[in-house]
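J.: Dropping the sequence and predicted coords here.
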Amino acid sequence: MSSAKFLRLVTSSYIILFFAYLFGPLIVMSITAFNSAAFPRLSPWDCFSTEWFGVLVNDARMMGGFKNSLIIGISVVFVSVPMGLAGALMLGQLSNRVRPVFYTVTISTILVPGVVLGISTLIFWDRMGMMFNAGYDSIFYDGIVLTIIGQSTFISAYTMLVFISRLQRFDPVLEEAALDLGATNIQTFRKILLPFLKPAIGSAAVLAFLASFENYNTTVFTIVSESTLTTVLASKVRYGINPSISALAVIIIGLTITAALIHEVLKRREQAREIALKKEGQVGNVKTLSRTAFRKPVTLMVLLIFVAGLSTVWMARAYDVNQCKIEVSEEKRKKQEELSKKRLLEMQKRLESQEAASANGSDSKSSKTAPGTDQYGSIFAPTNLEGQVESTEDQKENSKTPKNQYQNIFAPTNLEGQVESIEEKTEASKTPKNQYQNIFAPVNLEGQVKSEKE
Amino acid sequence: MSADVTLENITVKFDDFTAVNNTDITIKGGEFFSFLGPSGCGKTTLLRVISGFQEPSQGRVLIGGNDMTGIGPNKRPTALIFQNLALFPLMTVWENIAFSLEVKGVSKTKCRKRAEELLELVAMPGQGDKMVNELSGGQRQRVAVARALAAEPEVLLLDEPLSALDLKLRQHMRTELREIQQRAGITFIYITHDQGEALTMSDRVAVMREGVIEQVEEGTKVYDKPVTAFVASFVGENNAFHGTVSNILAAKIVVSTDSGVLEASPAEGSSLKVGDKAIVFARPEAMSFVKRRNLVKNVINTEVVHQEFEGHFWHLILQGVNGLKIKMSQINDGTTEVFEEGKKIKVQIDPKLAVVLPSGPLAAE
Amino acid sequence: MRLWLKKFFLRNGIVLSLYMLLVTFIWIVVMFVLPQIFMFDFSFRFNWTQIDPSKIGSPEDIYTLQHYKFLLFGSPNNPDPLNIVDVTVFGRTILAAIFVTLFDVILCYPVAYYLAHVAKGSITRLMMLSLVVPFWINELLRAFAFRILFGEEGTINNILLFLGVLNQPIDFVRENIALYTGLGYAYILLMIFPIYNAVESLDRNQIEAARDLGSPWWRIHWRVVIPFAKPGITSGCTMVFMLSAGALALPQIIGGPSSLWFTQIIYQWFNTGSNWPRGSAYAVSLMVICVILVLLIMKIFKVKFGEIGR
């Protein structure tokens, strides 16, 4: 008996831990949106503030990307819902031999890496454009159109799965009955099948929009020179992060939860109706019963969200953010001064040790112990052994083909790469889209120190 | 209003399987016609051929003299009542009934009016606004009929529509369907595996086996004068005594069986010769107790296995020679005798009520 | 085929038949199969777009294996026998994806079982909903969240330092811990749902019967539940594996600086490298290897492709 109890305890704590893993990151991120500190963090907590939402709204790039994401998302809905529907209907009419093949092909659109889908779409339409001698401003090179196409390729499979599961519960005899009563095929489709599929169309549309909205892997290739929210986010997150992204996350999490809840409510209603269909004569009872049963948790959640929102607004008004900020920054400045002195010393030591290390070709693991001057420093710091070994080989090649990738990955962060960093920078200024250079070069404090030296 | 339906050499094949084999039949306008057969005999396929959901592999369908080849189900003057009724669950009762008018573009008020009329016809006045799932089984049945009639078909096809109902309701609906048919005055083609349904409602019955029609006749004929062993064993209950023809008399055929030499009437147009394998069919009600000691013709020795009481009838399950199961039914005249298990009794078969048929496959038990 | 088409048109009418045929054709052939073929073709071509666009389609525009060779052996002046960087990255990506997949199976199986057979009614619904929500949050935002958590001054380090567990912050990003947890997190849903669907259809009586016979709980799972859920587990594994091997955003944002993900190299060939054919060759290689691995696993576990999908 006690072992059963123990088992239950273990299970429930596992489930709790699991959901903590699921929601922890999102909650922490959401909270950081309200910390006035310039870096998204939970501690040390500076001041409660909603200023990052303002920063977010005033971020033109982000808003531009958001607009594009909306356009793409809505278009994807309009493309992938009819496509998935056609696929699902088709599947039902194929012979037993062809059906598994068709299913496999459609499902592989989901399984094929998004990167591959993006690339193939990009190449295909590029080739098509060439074939038709289309200019670079034609739709063959329009990032938004390409993204819609690329995303719809696999999102249609999502919607198809939604339709398949709905169609499994459809009685095809109903179609025959309608035909028999003199309806044309189109009338049958419109009056019998579509009403039946209505809830599935709703789910599929929500699913398609969300999938499109959050997609990155495919989009990053097909978007070409445009940008969507995700690509803007990606470059932002890589350049340097600030809590305005957390603010965006708060908004998106809120919207997603709302969408999920609405979806759930609709699904519930649908199910209640279906149960009622089976139990003749008890429609009224079943409907009200299941509704009230479900209402409790949902209304509770909605209420919680609402209260949280209200209290935030109230708290934001209740106290003066600026006053708090001034206090905190004053405090910090003192600490910072002490710290920066210490850091400067350490950095010099480290530079020396690294130069020594690279001179005799040994590895630079020692640099690991040196604390990064800021967080990013440590991410991009030249601790990679391979990088150092490789770069010597690559340099020869680099000079011949300056676009070679290795340069971008390893060069600027590498001590040996210093020689080239000047070259690099001029190139970087010419091609600002070159993201890797930007990641590794300018953010890196070491790099800056070095360039000052030079 | 009502039309003849003619099937000309209809054959339907699914890959290697022949569902309907070379069927030729004419159903007269205004007739209540039933196809009776066990499941898988091809009767539903035949119905789908008539309604246009299934293209025959061979042959053609004429309705009212018009060739229906290449004409879709929505263009044929037929209406089908499906086994599960196939009422549209997302529509109200009247929307269901008026569906055929709606798709023709009839105005909503006219649709509604017609639906009410039809509801009256099927004895459900004023229930048009209910949802389908609020109806009882019998009511759904009626709505399905009303919906089919709304299309003003010349032929109404019914695919075992009563099978989902309970016994009482089923018996009630039989009479009701027959009445509706007479009121509407159109051809009904009814599919069933239940001989009771076929016999009570139909003007004529076609008994099918493995894609072939074995007999087409009025219900009484099919029951009393079956032409094949299958029909004899499928329609109603029958005791079968296998044997060989030993003599042919004027109105009788003598068959020697394991149970003894039996005399019985030949079927119409019988071509049995001496020496042919044959089966003597004797219905339970054609059996009686031997009253006169000296009678030797058509008497078989049996042993009582079981006795059943069924109200207006009571039955004896007997065991004959070689373990042959024999059923015997007696009208309950209030003097029911109790037979002990294992009691040996002699039973006589009325030669006028028994029929001799050429040997052939029997219906599965 | 002709017979089928005839039946198809007869059944659906002209308009609907055309809609279905045309739309599925556009989807499957134009949007999916043809682009894959073009990419495959492209991966065998010289990088003319960069060198000399006028040569495209000229007699010099012939097929070449150079990009595949480059992936394996590096540039012609590479002294090593292999293109160590790319091949290692490739291998590490595959291994890491396998690791993430295993991590997800172990993590998700108990939850899926719990959802299917332990949790009741509305709690199940609520838990399902909670599973779906994080899945639909932007992948980049999830990555961002993990960066906040796992940064050197991130929440986890701060907590551990505060508790005195550590006296030096751990660089989770460099150790790729952030990446693996992030990837595992990202595909939880894709693992749970197939397993859940499979486990749910298991008759509870079977479990009860095994319990009656005195099997301990782990044995019940090992001998009854897991074999039954095999198609679901394989289906989930396939999806998680393919998606994590093909992930791009997470490795870009929370991947350790010293360990690239293979997709990042592909990305570089397209963006910074401006060598699309080579990028295509890399993409084709990634896909082919992944598909082979998946098919192999399916073969081993005797699961059909048709069982994949939710």
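T.: That came through fine. Numbering: from 1, shown residues only, chains lettered A, B, ... in the order given.

J.: who's in contact with residue 171?
T.: All of this refers to chain A. By Cβ atoms under 8 Å, 6 or more residues apart in numbering or on different chains, the contact set of residue A:171 is B:84, B:86. The way it works is simple: take the backbone N, C-alpha and C, and place the C-beta from them, glycine included.

J.: switch to 10 Å and redo it
T.: Going by Cβ atoms under 10 Å, 6 or more residues apart in numbering or on different chains, residue A:171 touches A:177, A:192, A:196, B:82, B:84, B:86, B:89.

J.: again, but for residue C:221
T.: Contacts of residue C:221 (Cβ under 10 Å, 6+ apart): C:109-110, C:113, C:199, C:207, C:210, C:215, C:227, C:229.

J.: Between those, which sits nearest chain B?
T.: residue C:199 (31.4 Å; Cβ to the nearest Cβ).

J.: what's near enough to touch the closest residue to the closest one other than its chain neighbours?
T.: In this structure, residue C:199 finds its nearest non-sequential neighbour in residue C:116, 4.3 Å apart by Cβ to Cβ, 6 or more residues apart in numbering or on different chains. Residue C:116 sits next to C:124, C:192, C:195-202, C:204, C:225, C:229 when contact means Cβ under 10 Å, 6+ apart.

J.: Quick check: residue C:116 is in a helix.
T.: Yes. According to DSSP: H, G, I helix; E, B strand; the rest coil, residue C:116 belongs to a helix.

J.: And it, what's its pLDDT?
T.: Per-residue pLDDT puts residue C:116 at 78.

J.: Residue A:93 now?
T.: Looking at residue A:93, the pLDDT reads 83.

J.: so what's it up against?
T.: A:99, A:172, C:4, C:7-8, C:11-12, C:17, C:20.

J.: Show the buried residues in those residues.
T.: C:8, C:11-12, C:17, C:20 (16 or more other Cβ atoms under 10 Å in any protein chain shown).

J.: Give the helix, strand or coil label for the nearest residue in space to residue B:153 that is not next to it in sequence.
T.: Closest residue to residue B:153 apart from its sequence neighbours, by Cβ to Cβ, 6+ apart: residue B:79 at 3.7 Å. Per three-state DSSP, the secondary structure class of residue B:79 is strand.

J.: Tell me the bridge partners for residue B:79.
T.: Beta bridges link residue B:79 to residue B:156 when assigned by DSSP bridges.

J.: Can you tell me how far it is from chain C?
T.: Counting by Cβ to the nearest Cβ, to the nearest Å, the gap from residue B:79 to chain C is 19 Å.

J.: give the contact list for that residue.
T.: Contacts here follow Cβ under 10 Å, 6+ apart; on that basis residue B:79 touches A:177, A:180-182, B:51, B:73, B:100, B:144-145, B:147-158, B:186.

J.: Make sure residue B:35 is actually in contact with residue B:212.
T.: No. With contact defined as Cβ atoms under 10 Å, residue B:35 does not reach residue B:212; the gap is 11.9 Å.

J.: So if I had to pick from those two, which one is more boxed in?
T.: Ranked by neighbour count (other Cβ atoms under 10 Å in any protein chain shown), residue B:35 and residue B:212 place residue B:35 first, with 27 against 17.

J.: Tell me if residue B:278 really is in a strand.
T.: Yes. Assignment of residue B:278 by three-state DSSP places it within a strand.

J.: so it makes contact with residue B:358?
T.: Yes. The criterion here is Cβ under 10 Å, and residue B:278 meets it with residue B:358 at 5.9 Å.

J.: Neighbour count: those two, which is higher?
T.: Between residue B:278 and residue B:358, counted using other Cβ under 10 Å, residue B:278 has the larger neighbour count: 28 against 17.

J.: still on that earlier bit, so for residue B:35 and residue B:212, which residues contact both of them?
T.: With Cβ under 10 Å, 6+ apart as the test, residue B:35 and residue B:212 both reach B:41-42.

J.: burial of residue B:329, as a residue count?
T.: Per other Cβ under 10 Å, the neighbour tally for residue B:329 reads 18.

J.: which residues of chain B score low on pLDDT?
T.: The model of chain B has pLDDT under 70 over residues B:1, B:292-296, B:365.
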